[in-house]
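**Student:** Have a look; sequence and predicted model below, questions after that.
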Amino acid sequence: MKIDYSIKYSARKTISIIVERDRSVVVRAPLNTSKELIDGEISKRKFLLFQKINHPQKYNLPRERKEFVSGEALLYFGKYYKLEVSERLFTGIEFDNKFIISKTNQKEAKQLLKTWYITQAEIKIIPKVKHFAGHLGVKYKKISILDLKYRWGSCTPKDNINFNWRLIKAPGFVIDYIIVHELTHLLESNHTPEFWNIVSVQLPHYNKAKDWLKENGDLLETEF
Ligand SMILES: [Zn+2]
């Protein structure tokens, strides 16, 4: 099982590996990254890449730049849903087991979808934060859903907690993990054994979430 790929070098910090719509594999790597290192990354993700290349679904594979055309797949709450561009006139985004946008708003699709995601993130994430804060017995000042760069969540020295709106693309168990992780930092600022102990009391299978984040970390690097 050999995976062919092309490499695009640029002034970036991390390696990302994507399967394009035509199922070709593209590695984006920092300048001067060795071929051995890239081969190593490819073989680490070999199984997943192989699955993606051979994905039976007809609609677009994830990770390519979004064009917001009918049939495109958008990730939400851990699942992919198709986008439908409708002839019907309406404002905003409709969601009914698929995303629907009016053709007249297609140009603003990115902004409309982002607004929709942020609203969903607020509806779904904030009650979960309250729930876990109760379990952990911690107090925080303010929860914000923000356009964070390169992070899923953070907590500030003033006990405010922030979450990246892109987190709403992740499955529920991953959202729970990020929430518990950030709230646990209110009790223990470093990743000490005690920190992980507290996390595992709330979420015994938190490693599953860590694995998901490792595989899907590149979602953080995409603008949308
Ligand atoms: Zn942490």
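**Tutor:** Received the coordinates, thanks. Residues are numbered from 1 along each chain as shown.

**Student:** beta partners of the residue nearest to Ile7 when sequence neighbours are not counted?
**Tutor:** Once flanking residues are discounted, Ile7 sits nearest to Val27: 4.8 Å by CB to CB, 6 or more residues apart in numbering. C-beta here means a position set from N, CA and C on the backbone, and glycine is covered the same way. Beta-bridge pairing for Val27 (DSSP bridges): Ile7, Ile17.

**Student:** Now do Val27 against Tyr150, distance only.
**Tutor:** Applying CB to CB, to the nearest Å, the value for Val27 to Tyr150 is 19 Å.

**Student:** now do His135
**Tutor:** For His135 relative to Tyr150 (CB to CB), the value is 28 Å.

**Student:** Buried residues, the helix or strand bottoming out on mean pLDDT in the chain. List them.
**Tutor:** The helix or strand of the chain with the poorest confidence is helix 46-53; it has a mean of 82 (mean pLDDT, DSSP states H and E). Neighbour-count burial for helix 46-53 flags Leu49, Lys52 (criterion: 16 or more other CB atoms under 10 Å).

**Student:** and after it, which helix or strand comes next?
**Tutor:** strand 73-76 (DSSP states H and E).

**Student:** Quick one: residues in contact with the longest strand seen in the chain.
**Tutor:** Identified as the longest strand of the chain according to DSSP state E is strand 79-86. With CB atoms under 8 Å, 6 or more residues apart in numbering as the test, strand 79-86 has contacts from 57, 59, 62, 68-75, 95, 97-103, 106, 109, 171.

**Student:** Let's see that with 7 Å instead.
**Tutor:** 59, 62, 68-74, 97-103, 106 (CB atoms under 7 Å, 6 or more residues apart in numbering).

**Student:** quick one: it to chain centroid distance?
**Tutor:** 17 Å (CA atoms, centre = their mean, to the nearest Å).

**Student:** so what strands line up beside it?
**Tutor:** strand 73-76 (antiparallel), strand 99-102 (parallel).

**Student:** any idea which of these scores lowest on pLDDT?
**Tutor:** Mean pLDDT is lowest for strand 73-76 out of these, coming in at a mean of 93.

**Student:** May I see the buried residues of the longest helix anywhere in the chain?
**Tutor:** Counting by DSSP state H, the longest helix found in the chain is helix 109-136. For helix 109-136, burial by neighbour count (16+ other CB under 10 Å) applies to 109, 112-114, 116-118, 120-122, 125, 128-129, 132-133, 136.
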